[in-house]
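Enquirer: Pasting a predicted model and its sequence here:
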Amino acid sequence: MHKLFSFVVGTAYFFGLPLVPAQDKSVNPDINKPFQDPDLKKYLGVFEGESREIFAKRKEIVAACKLKPGMAVADIGAGTGLFTRMMAQEVGPKGNVYAVEIAQRFLDHIDKTCKDAGIKNVELVKCSQTGAELPAASIDLAFICDTYHHFEFPYKTMASIHQALKPGGQVVVIDFIRIPGKSREWILGHVRAGQEKFTQEIVDSGFKQTEEKKFLEENYFLRFEKVLAGKTRQ
């Protein structure tokens, strides 16, 4: 048994795969229930409403991602496609954006809005609860905006993103600041953990933090870079 474990660990490090703990139970089983059959009109108002900080600061967020023409980007948890469409313009016709979503209704909306806008460099990807379902070494950057706290199996999902990234690929994570006594009650009840916990999970999944930008008030902006392998966890 020990020899088998050593072989698996050695193989993982050789191929640059993250070592993640067994994760058979969801960390938040009901959090994605609303997206099994989402009300599109409702979420258009939620995701693309001026009262949402992420929408109000959308241009600053895209600029902070430092996208370049020709890049391949994955918008993980693309929702109604707000950032998918903006990023498609940034990477240009020689680049491409994967709109990664668990809700087919959102994917259908993204498909329609991209066609209506003449955007041709977006590819739709139906993900699962445990993985992004992206091709290996296919992306330069994974963009995870107000979505990480929706990962029911964060280690498995980050392992799939690790595999999808090219060597030196990056991850941008934007999520809610969760501080008891300071954050809104909705955030405290909806988001399972704060920045420190999420950062540790991502680092343990085979990434190193390289940047933090502080231009948002209710959210944080972090950048990570793919490294060869994550830490061994019990």
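Expert: Received the coordinates, thanks. Quick caveat: nothing in here was measured; it's all calculated off a predicted structure.
Enquirer: which stretches of the protein have low pLDDT?
Expert: 1-23, 229-234 (pLDDT under 70).
Enquirer: one more time with 80
Expert: Counting by pLDDT under 80, the ranges of the chain that qualify are 1-24, 228-234.
Enquirer: so how far is the top strand by length along the chain from its chain's centroid?
Expert: Using DSSP state E, we find that the single longest strand of the chain is strand 165-176. Remark: strand 165-176 is offset 8 Å from the chain centroid, using CA atoms, centre = their mean, to the nearest Å.
Enquirer: who touches that strand?
Expert: For strand 165-176, the external contacting residues (CB atoms under 8 Å, 6 or more residues apart in numbering) are 16, 54, 61, 64-65, 72, 137-149, 161, 183, 187, 190-191, 195, 198, 202, 207, 210, 216, 218-226. Placement of C-beta: from N, CA and C, glycine included.
Enquirer: tell me the secondary structure for the residue positioned nearest the centre of the chain?
Expert: With distances taken as CA atoms, centre = their mean, Ile144 lies nearest the centre of the chain, 2.7 Å away. Following DSSP: H, G, I helix; E, B strand; the rest coil, the label given to Ile144 is strand.
Enquirer: just checking, it touches Gly77?
Expert: Yes - at 6.6 Å, Ile144 counts as touching Gly77 under the criterion of CB atoms under 8 Å.
Enquirer: Might one say that Pro29 is in contact with Gln129?
Expert: No - the criterion here is CB under 8 Å, and Pro29 misses it with Gln129 at 9.7 Å.
Enquirer: Tell me which of the two has more neighbours.
Expert: A direct count of neighbours by other CB atoms under 10 Å for Pro29 and Gln129 places Gln129 higher, at 14 against 10.
Enquirer: how close does the more buried one sit to Val46?
Expert: For Gln129, the distance to Val46 (CB to CB, to the nearest Å) stands at 21 Å.
Enquirer: Which helix or strand contains the residue nearest to Pro180 when sequence neighbours are not counted?
Expert: Spatial nearest neighbour of Pro180, chain neighbours left out: Leu188 (6.3 Å); criterion: CB to CB, 6 or more residues apart in numbering. When elements are assigned from DSSP states H and E, Leu188 belongs to helix 185-190.
Enquirer: I would like the residues contacting that helix, please.
Expert: By CB under 8 Å, 6+ apart, helix 185-190 touches Ile31, His149, Phe176, Ile177, Arg178, Pro180, Glu218.
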